[in-house]
Structure formats: C-alpha cells, structure tokens
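# make a model of this:
(4 chains)
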There are 2 protein chains.
Amino acid sequence: MKKITIGEAARQSGVKVPTIRYYESIGLLAEPDRSEGNQRSYQQSHLHRLAFIRHARELGFEVDAIRTLLALQDDPNQSCASADAIAKARLIEVEQKIRSLMALKAELEMMVEGCGHGRVGQCRVIEVLADHGQCMHLHH
Amino acid sequence: MKKITIGEAARQSGVKVPTIRYYESIGLLAEPDRSEGNQRSYQQSHLHRLAFIRHARELGFEVDAIRTLLALQDDPNQSCASADAIAKARLIEVEQKIRSLMALKAELEMMVEGCGHGRVGQCRVIEVLADHGQCMHLHH
DNA sequence: CTACATCCTCTAGTGGCTAGAGCTGCAAGA
DNA sequence: TCTTGCAGCTCTAGCCACTAGAGGATGTAG
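Next comes the predicted model:
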C-alpha cells in the first residue's frame, strides 16, 4: 500500500490541493496520517470521500448538507429519509432556479434582439435596464 | 423638491439601506448631498440610478458590467456595441447555466425516484453520490 | 549534492452583500 | 421644552466556498 500524497489525491479526485486542505480544515474530510516530514498521506477511503464530496458539490449541495449526507453514509442502518429530504429540497431549488433563469433568458433575448446596433440613445439594452416597466415582470 | 432620505430611497427603489451605502462605497452610485446633520439627501436622478442597478442585478449582471452599462447610459452618442456585447455574453452565460441545471435536475430526479425510503444502505441518493459512474455524465 | 517539484502553514482576498456595535440626528407627542 | 424612539451615521467583521500568495520545509531524480 503505497502512500498517496495530497497532489496525487488531487489528481485522482479532481479536487484541487488547497481545496482538499480546506475540506480538512472545516471537518469535511478526516485528517490523514502524516509522513515523518509532516506531509499528508491519504488512504483509499479518503479518495472515496473526496469523490463523494466532489460529486455532491457539483450537484450544488451546500457543505452543511454534504456533512449530513456523509454522516448518513457512515451509518447504513439509518433511515434514508433525511437524505431523501435533502435531495428533494435541492431539486426544488434547482427547479426554481431554472424557472427564474428562463425568465431572464427571455428578457435578455428581447433586449438583444431589440438592439439596433446604433447609438446608446436608442439602445434597447440600456433602455430596458433603465425602465423595468418595459420588461415582462415574469419573476422580479 | 423635498429631500429624499436613504430610507425613503430604499423604499422607492427596493434596494436595502445598507446596500445603497455599499453601492456608494464602491462607486456605483454617486455620493449624494448631505444635510446639516450629515445625513444623505438623494435626488430623483439617484432613484433612477438605483432602479437601473437593481434591475441589472436582478438580471445577474456583475457590478463591473453594470459600471460599464451606467457609463454608456451617460453618453447617449456612444455606440451601443458594448452594451450589446455585455448583454449577449450574459445571455450565453444564462443559457449555459440553464443547460447545466437541467442536467442536475435530471440527475436529482433519478436519485429521488430511486429512493426506496428504507435504510441508507440501499438508498439511491447516497449511492449515486458515492459513485459518479452511476449518473449520466451529462455535464460534469 | 544539487536542482526542482511538491509539500507545509499562515494570512488575506474574492463578490455582493449583511449584521452588529456604538454613536448622533430629527420629528412628533406630552 | 423635553423626551421618546425611530432613523441615520461610521466602522468592523462575517457570510460562502474557495483561491492566491508569501515564505519556508521536504522529497526525489539525476
């Protein structure tokens, strides 16, 4: 079992070196053993953890949610109701965000299409920004 | 012309009092006159500015972009090419974000649907998080 | 043995606010 | 006129999830 340096862990997990140290500092990743020269030496389990964390972050889960999810993973006999609730909450967030971005997209498209590429005085982009009444009130 | 306090400006613009002061501190909103007692006293032009800024922030423009847009607004004879470019860049960002969130949504839905509401050991939510290979590779 | 990549800790910065402490100003009611 | 109490003021620090950089130690290949 050869030792895994932090750089190697970063390469294998896709999480950057300073980010790994950051995760350790906030208690998301367990402290690894150290070499004689005080360098971190990871084990396979750390790599699994890092993969889990990375995937969860990519899905937009907050660090606190990930902490809970990790705790759940460590105890397979627990009910998965909490995990389910966290994922559902995140799903609702994502759905809301999508709706809101679609509205933004529509508004931005109108601005861009309306731009006659002339002077700012007639520019629809500036105009719409200046006067909210001209936009569609879809969300804000 | 009665004086507009910062609180009144906040009420009329929908931008919170500390946020207005913050915008002043970063040079996004011009410093208003002060009363004898050193209190900010705004004019109509400040309210227009605030409305513009607020709308632009709601559309997700960054403060630096807004700075540029405001400068353009102040000079109606300039070409609106920059405004157009900023809006287009933002539109592309929004479109990418939407695509990415749709992929997340799909993945989250699979996780949530697969959850049998039993023990964590069989929970699809935890399982998928732990093993990225199980998800759809749509984006990350 | 030397060069050089990688590692270490520590502090500070990012963006766009938000919260709080501890003060002063001001208008309305008693 | 006095008091009450909200509103304003400045300044510092905190939020999230990192990221950047200084300044030094370690580890490895030639």
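# now the strands: where do they sit in chain A?
With DSSP state E, the ranges of strands along chain A come out as A:33-34, A:40-41.
# quick check, central residue of chain A?
A:Gly60 (3.5 Å; Cα atoms, centre = their mean).
# which residues of chain A lie near DNA strand D?
Contact residues (Cβ under 7 Å from any atom of the strand) of chain A with DNA strand D: A:16, A:18-19, A:22, A:35-39, A:57, A:62-64. In this view, the C-beta of every residue, glycine as well, is placed from N, C-alpha and C.
# would you write a ChimeraX line that selects the buried entries of those residues?
In ChimeraX, a selection of the buried entries from the residues of chain A next to DNA strand D looks like this (16 or more other Cβ atoms under 10 Å in any protein chain shown):
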select /A:19,57
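# now, which of the residues of chain A next to DNA strand D lie within helices?
When DSSP state H defines the helices, the subset of these inside them is A:Pro18, A:Thr19, A:Tyr22, A:Arg57, A:Val63, A:Asp64.
# which residues does the residue of chain A found nearest DNA strand C contact?
Minimum separation of chain A from DNA strand C (Cβ to the nearest atom of the strand) falls at A:Gly7, amounting to 2.3 Å. Listed by Cβ atoms under 8 Å, 6 or more residues apart in numbering or on different chains, the contact set of A:Gly7 reads A:Val17.
# ok, the residue of chain A found nearest DNA strand D to chain B distance?
Closest to DNA strand D within chain A is A:Gly37: 2.3 Å, counting by Cβ to the nearest atom of the strand. According to Cβ to the nearest Cβ, to the nearest Å, A:Gly37 stands 32 Å off from chain B.
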